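Trainee: Build me a structure from this.
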Amino acid sequence: MDKTVHTVIDPERCLGCGLCIQVCPSETITMKDKKAVVTGDESLNCGHCQAVCPSQAVTVTSLPPGYPDYQTFKHAQRWMPHGWFDTGELVRLMRSRRSCRNYTPDPVKREMLEDLVKVGITAPSGTNSQKWTFTILPTREAVLDFANRIAEFFHKLNRAAEKAWLRRLLKLVGKPELELYYQEHYQSVCQALAEWKRTGRERLFHGATALIMVGSAPGASCPQEDALLATQNILLAAHAMGLGTCLVGFAVEAMTNDPGIKDFIGIPPEEKVHAVIALGHPNERYLGLAGRRPVTPRYFPGRRTAAGVGDSRVPRQP
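Mentor: Residues are numbered from 1 along each chain as shown. Here you go, the predicted structure:
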């Protein structure tokens, strides 16, 4: 990735406090003659130095001032200190967001879709690479065109899965994916495709009127993680904006295995798509919060047992 230094420090404004040096992950800045100066030849261009400076002496010129800005809502341009936001309300938002499979026919405004992308890029990315990509399908017509290409892929996949000899052969050579698909998804996909043809009910995107695809361009240090962190931001923000969302893994699988689908919607072949988000105005309303199965975290090092074997389970209270 590009690590060109774009950090500029105004010596007249610099107070010599050294805060920028403390937060810089690349050691781009050092102290000379009681002033912060740029001495490194690499930078993540993360903007930590600019954000921490009490006298506005530091500028990262590769970061446009005021970006990202939003069209459909406003937010305070001040950093929120640790512990200032209500944790309970944050968790309530997270637990309230549910996968939506019932939408009204109302379109989603393009301004909202563009703001959601800008919310997505506030997520962290490995080495601040920001190599994520976003592709928007803004209308129900575009969603249906895409859905038809996905359906073509699964028609072909089902025909291959129906061949028992092919499933066995692939399994013998260490490729059990087709057998697993046949066991877990073949029947339900057949039923969904038949219903779509017979009644017009599309069960892939469930009537969503827009899609956002989150992907990655080459050069990211952890592209999938970056894309999924941005995706979670979008899911939560969409709920706060009054929209319903649903992640559609079948679409990601189809695009991964059929490059022609990416080409159909204008995604370059070198990009990978990690998430497809269906969006729309929800036609459903819940009264309770989503539950989850209990989880037991693992600790290291675990407590010692009588036999001297480590036990990493959560220790019981005495």
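Trainee: partners of the top strand by length along the chain in the sheet?
Mentor: Identified as the longest strand of the chain according to DSSP state E is strand 272-280. Using DSSP bridges, strand 272-280 pairs in its sheet with strand 210-216 (antiparallel), strand 244-247 (antiparallel).
Trainee: C-terminal to the shortest one, what's the next element?
Mentor: To tie it back to what came earlier, the one meant is strand 244-247. Tracing the chain past strand 244-247, the next element assigned as helix or strand by DSSP states H and E is helix 249-257.
Trainee: Tell me which residues of the helix or strand following that next one come out buried.
Mentor: Proceeding N to C from helix 249-257, the next assigned helix or strand is helix 259-264, under DSSP H and E. Using 16 or more other Cβ atoms under 10 Å as the test for burial, helix 259-264 gives 261, 262. Every residue, glycine included, has its C-beta placed from N, CA and C.
Trainee: what helices or strands is helix 259-264 leaning on?
Mentor: Helix 259-264 makes packing contacts with helix 140-161, helix 249-257 when contacts are defined by 3 or more Cβ pairs under 8 Å, 6 or more residues apart in numbering; DSSP states H and E.
Trainee: how about those helices in JSON lines, adding distance to residue 241, mean neighbour count and mean pLDDT?
Mentor: Converted to JSON lines, the helices and strands packed on helix 259-264 look like this (distance: least, Cβ to Cβ, whole Å; neighbours: other Cβ atoms under 10 Å; pLDDT from 0 to 100):
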{"stretch": "helix 140-161", "distance to residue 241": "19", "mean neighbour count": "17", "mean pLDDT": "96"}
{"stretch": "helix 249-257", "distance to residue 241": "22", "mean neighbour count": "18", "mean pLDDT": "96"}
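Trainee: Which among those is found nearest to residue 54?
Mentor: Nearest to residue 54 among the helices and strands packed on helix 259-264 is helix 249-257; the distance by Cβ to Cβ comes to 44.8 Å.
Trainee: packing partners for that closest one?
Mentor: For helix 249-257, the elements it packs on are helix 140-161, helix 259-264, strand 272-280, judged by 3+ Cβ pairs under 8 Å, 6+ apart.
Trainee: Report the backbone C-alpha coordinates of whichever helix or strand comes after the longest one in CSV.
Mentor: Secondary structure here is assigned by DSSP H and E; on that basis, the next helix or strand after helix 140-161 toward the C-terminus is helix 164-172. Taking only C-alpha atoms (Å, rounded to 0.1, in the frame of the first residue of the first chain), the coordinates of helix 164-172 have been written out as CSV:
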residue,chain,number,x,y,z
ALA,A,164,-24.2,-38.3,-7.9
TRP,A,165,-21.1,-39.6,-9.7
LEU,A,166,-19.7,-36.1,-9.9
ARG,A,167,-20.3,-35.4,-6.3
ARG,A,168,-18.5,-38.7,-5.3
LEU,A,169,-15.6,-38.0,-7.7
LEU,A,170,-15.0,-34.5,-6.3
LYS,A,171,-15.2,-35.8,-2.8
LEU,A,172,-12.6,-38.5,-3.5
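Trainee: buried set for helix 164-172?
Mentor: By neighbour count with 16+ other Cβ under 10 Å, helix 164-172 contains the buried residues 167, 170.
Trainee: quick check: angle from it to helix 140-161?
Mentor: Relative orientation of helix 164-172 and helix 140-161, computed by axes from the mean of the first three to the mean of the last three Cα atoms, to 10 degrees: 90 degrees.
Trainee: Restricting to C-alpha, output the helix or strand following helix 164-172 in PDB.
Mentor: Using DSSP H and E, the helix or strand that follows helix 164-172 in sequence is helix 177-184. Output in PDB follows, covering the C-alpha atoms of helix 177-184 (Å, rounded to 0.1, in the frame of the first residue of the first chain):
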ATOM      1  CA  GLU A 177     -18.100 -28.700  -1.500                       C
ATOM      2  CA  LEU A 178     -20.600 -30.000  -4.100                       C
ATOM      3  CA  GLU A 179     -21.700 -32.900  -1.900                       C
ATOM      4  CA  LEU A 180     -22.100 -30.500   1.100                       C
ATOM      5  CA  TYR A 181     -24.100 -28.100  -1.100                       C
ATOM      6  CA  TYR A 182     -26.300 -31.000  -2.200                       C
ATOM      7  CA  GLN A 183     -27.000 -32.100   1.300                       C
ATOM      8  CA  GLU A 184     -27.600 -28.700   2.900                       C
END
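Trainee: by contact count, what packs against helix 177-184?
Mentor: Other elements packing on helix 177-184 under the criterion 3+ Cβ pairs under 8 Å, 6+ apart are helix 140-161, helix 164-172.
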